[in-house]
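Asks: below are the sequence and a predicted model for it; my questions follow.
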Amino acid sequence: MKTLEDQVLNLQNKRERIARQIDATESNLEIIDVDVQNWVKGVDAIISHTEKLLEADQEKVNHREMVGSDADSSDFNSMARAVSRGCGGLPIATVTVGKSLRNRCKDEWNDAARQLKNPVPKQIKGMDAFVYSHLELSYNYLETEAKSLFLFCNMFPEDALIEVEILVQYGMALRLFQDVYTIENARVRSRALVSILISYFLLLKEEKDGFVKMHDVVRDFAIAIASKGENKYMVRAGVGLKDWSNTDTTILQTYTTISLINYIHGFSDELKYPKLQTLLLQMNSYVSNLEIPANFFQGMKDLKVLDMSFEEYAKGPRHDGFNELKVLKLISYNDMKYLLDMFDWDPTVVVHNLDELQLVSLRTFSEICRDQLSSESLSKVQKLRVNGGNYILNIVPSNLLGMLQCLQSIVAYFSSSMLNVFDLKGLATERYGPALLSRLEVVACGKLRYIFPLSIAKGLVQLLCLEVQRYEMVEVIVEDEKGEETVSSIEKIVFPRLRGIGVTDLESLTCFCKGCYAVEYPCFDGMWITYCPKMEIFGHGAQMTPLKKVHLQEHEDEGIWKGDLNATVQHIFNQKVYFINMHPGIV
């Protein structure tokens with residue numbers, strides 16, 4: 001069919017060129033030869049006939065795509081035609097409904113045809129019952145999790161790019177995903193659900209990787225659906241709203257989700273939203289500093305997600321109502337030094353249920369809390385992300401190390417003054433790292449000389465991925481902070497689940513671990529070393545790994561292996577090849 005389309009296109013181009021020549025000839029009052037006129041008429045007839053053939057073929061393709069495995073069944077053919085007629089010939093409606101019904105039973109097809117034939121009028125300004133009924137039919141065939149994610153996409157302003165990672169964070173905090181308990185699994189589930197919504201044409205895939213968009217008509221439908229039912233949404237995103245203080249909030253007490261991404265200056269003292277779980281307040285400081293009253297959150301006892309990205313505050317709220325908060329993301333605050341101080345929170349009672357903490361572009365921020373927290377505070381945090389912040393010395397300071405035992409992921413970028421990932425200063429006893437930590441990624445964090453001390457390394461039994469990039473001062477990944485006496489008492493360190501290590505642009509790196517103890521990586525299946533010119537050896541003790549070959553990315557070769565990992569890295573160092581890519585090989 002593609003070849004025929006190309007031939008028709010070529011014929012159309014030739015016909016247009018002849019038509020332009022005919023127009024030029026007629027403008028000069030010259031006579032057009034009869035044969036030329038007949039040729040044009042003949043070409044028009046051929047093009048018209050061929051386009052009808054192509055249209056018929058496309059209908060067959062659409063039909064097979066819509067019906068699925070029963071495309072050749074006469075019963076399904078008649079039902080598919082009935083559904084197609086119900087779509088009024090509108091291509092987007094036909095494909096959207098067809099995707100929803102693909103491979104479903106006869107009764108579902110018959111029921112869909114009936115619904116489309118007799119749509120129930122809905123009151124949505126600018127949308128007739130015909131369009132609404134098609135979108136509603138597609139929505140009704142979604143599974144519960146896909147419905148929840150779809151409705152969350154209407155919380156952003158019209159035509160906004162929606163980052164899938166944001167949906168991951170919100171979904172994890174609100175427990176939208178059944179039997180999902182880790183952030184990585186939530187990320188996989190979210191991407192799968194987004195793919196389903198794209199296939200139903202309820203979301204649009206963007207060229208920018210990791211982003212989607214919602215068509216304005218689909219968004220209007222989603223807002224209408226989300227504003228009713230048990231979990232009600234109130235969406236005022238991107239409508240130019242400047243004031244919320246005089247709003248009648250009586251009816252809003254039934255809402256679980258509110259989006260106020262606008263230009264609001266201030267709020268009423270206390271808003272009683274006992275069912276509210278999600279509150280989006282992004283962007284409201286673009287006009288002026290946003291003032292939040294001290295008791296603003298007291299009526300939000302069930303709040304789990306609060307997004308205040310790009311806000312600056314003249315006055316901050318108290319802690320009341322924050323104990324149910326699951327995700328806290330703070331971006332671009334100019335004058336905040338301590339997270340808990342900023343909100344005038346009582347550190348002994350606050351943030352017991354927080355799952356995720358993100359601190360982004362906080363120019364004067366130095367640490368989470370300068371005082372001692374209760375043992376429950378931050379005890380449920382699974383994901384910690386630090387991006388920017390020129391005064392942050394430690395990602396996990398010593399006063400928080402014992403609390404963050406549920407931590408699964410640490411990501412740190414561009415903190416120029418950072419001295420430690422894990423700070424052990426002042427701890428009287430040896431402390432192992434977060435036992436559940438599976439991902440550690442640190443990039444361009446200033447003054448680090450090593451990534452974690454030996455005592456922390458021994459406790460990272462769940463670590464899956466380690467990535468370190470762009471440091472001038474890092475000399476070693478695992479450092480013995482107590483000297484040779486400690487090292488001599490250690491027989492072996494095991495990273496039982498570690499699958500990959502990436503070290504990139506580390507000018508001073510000499511080895512992975514300094515001590516003479518053995519290190520075992522039983523699940524190791526990949527390693528990347530990019531421009532580490534001083535790395536002469538991987539470790540001073542035995543390095544036990546299933547790797548059997550080292551491949552040089554610059555060259556097409558069969559790989560290098562010199563008996564063990566140390567000898568192989570040393571050989572590559574001697575060859576002055578600073579970019580290597582290691583993979584498990586088959587001997």
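Replies: Okay, I see it. This one's a predicted model, so the numbers in the text were calculated from it and none came from an experiment.
Asks: just say helix, strand or coil for D23.
Replies: On the three-state scheme (DSSP: H, G, I helix; E, B strand; the rest coil), D23 is labelled helix.
Asks: burial of it, as a residue count?
Replies: D23: 10 surrounding residues under other Cβ atoms under 10 Å. Placement of C-beta: from N, CA and C, glycine included.
Asks: distance check, it against L11.
Replies: The span separating D23 from L11 equals 19 Å under the rule Cβ to Cβ, to the nearest Å.
Asks: ramachandran angles for F177?
Replies: Backbone geometry at F177, expressed as degrees, to the nearest 10, gives phi -100, psi 120.
Asks: now the strands for the stretch 151-300 of the chain?
Replies: Assigned by DSSP state E, counting those that start in this stretch, the stretch 151-300 of the chain shows strands spanning 162-163, 204-205, 211-213, 232-235, 255-259, 278-280, 290-291.
Asks: next secondary structure element downstream of the last one?
Replies: Pointing back at strand 290-291 there. Following strand 290-291 in sequence order, the next helix or strand is strand 305-307 (DSSP states H and E).
Asks: what stretches of the stretch 101-250 of the chain score poorly on pLDDT?
Replies: Low-confidence regions of the stretch 101-250 of the chain, defined by pLDDT under 70, span residues 101-130, 238-250.
Asks: which strand or helix spans I395?
Replies: I395 belongs to strand 394-396 when elements are defined using DSSP H and E.
Asks: tell me which residues of whichever helix or strand comes after that strand are tucked away?
Replies: Proceeding N to C from strand 394-396, the next assigned helix or strand is helix 398-401, under DSSP H and E. Judged by neighbour count (16 or more other Cβ atoms under 10 Å), helix 398-401 contains these buried residues: N399, L400, L401.
Asks: quick check: the gap between the first one and K383.
Replies: Read it as N399. The span separating N399 from K383 equals 20 Å under the rule Cβ to Cβ.
Asks: ditto for the second one
Replies: The spacing between L400 and K383, counted by Cβ to Cβ, is 14 Å.
Asks: now the last one
Replies: Separation of L401 from K383 (Cβ to Cβ): 17 Å.
Asks: on that earlier part again, which other helices and strands does the strand holding I395 contact?
Replies: When contacts are defined as 3 or more Cβ pairs under 8 Å, 6 or more residues apart in numbering; DSSP states H and E, strand 394-396 sits against strand 383-387, strand 409-413, strand 420-422.
Asks: could I get these as TSV with mean pLDDT and distance to F211?
Replies: Supplementary listing: those in TSV, determined by pLDDT from 0 to 100; distance: least, Cβ to Cβ, whole Å:
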stretch	mean pLDDT	distance to F211
strand 383-387	85	18
strand 409-413	87	19
strand 420-422	82	30
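Asks: quick check: P496 touching P522?
Replies: Yes - with contact taken as Cβ atoms under 8 Å, P496 and P522 are classed as touching, separated by 6.2 Å.
Asks: tell me how many other residues crowd I47.
Replies: Using other Cβ under 10 Å, I47 has 15 other residues around it.
Asks: wait, it touches N13, no?
Replies: No - the pair formed by I47 and N13 falls short of the contact definition of Cβ under 8 Å, at 11.0 Å.
Asks: still on that earlier bit, so for the strand holding I395, mean pLDDT?
Replies: When the per-residue pLDDT values of strand 394-396 are averaged, the result is 79.
Asks: partners of it in the sheet?
Replies: With DSSP bridges as the criterion, the sheet partners recorded for strand 394-396 are strand 420-422 (parallel).
Asks: give me the contact list for the strand it pairs with.
Replies: Taking Cβ atoms under 8 Å, 6 or more residues apart in numbering as the criterion, the residues outside strand 420-422 that touch it are 393-396, 401, 410, 412, 433, 440, 442, 448, 451-453, 456.
Asks: what strands line up against the host helix or strand of L357, and which way round?
Replies: When elements are defined using DSSP H and E, L357 is found to belong to strand 356-360. Taking DSSP bridges as the criterion, strand 356-360 sits next to strand 327-331 (parallel), strand 383-387 (parallel) in its sheet.
Asks: report the rounded mean pLDDT for that strand.
Replies: Mean pLDDT, taken over the full extent of strand 356-360, equals 79.
Asks: got the angle for it vs strand 409-413?
Replies: Angle, strand 356-360 to strand 409-413, by axes from the mean of the first three to the mean of the last three Cα atoms, to 10 degrees: 0 degrees.
Asks: per-domain residue ranges of the chain.
Replies: Domain assignment of the chain by automatic domain parsing yields the ranges 1-59, 73-141, 144-218, 231-490.
Asks: can you tell me the closest non-neighbouring residue to Q543?
Replies: Residue nearest to Q543 in three dimensions, not counting chain neighbours: L565, with 4.2 Å by Cβ to Cβ, 6 or more residues apart in numbering.
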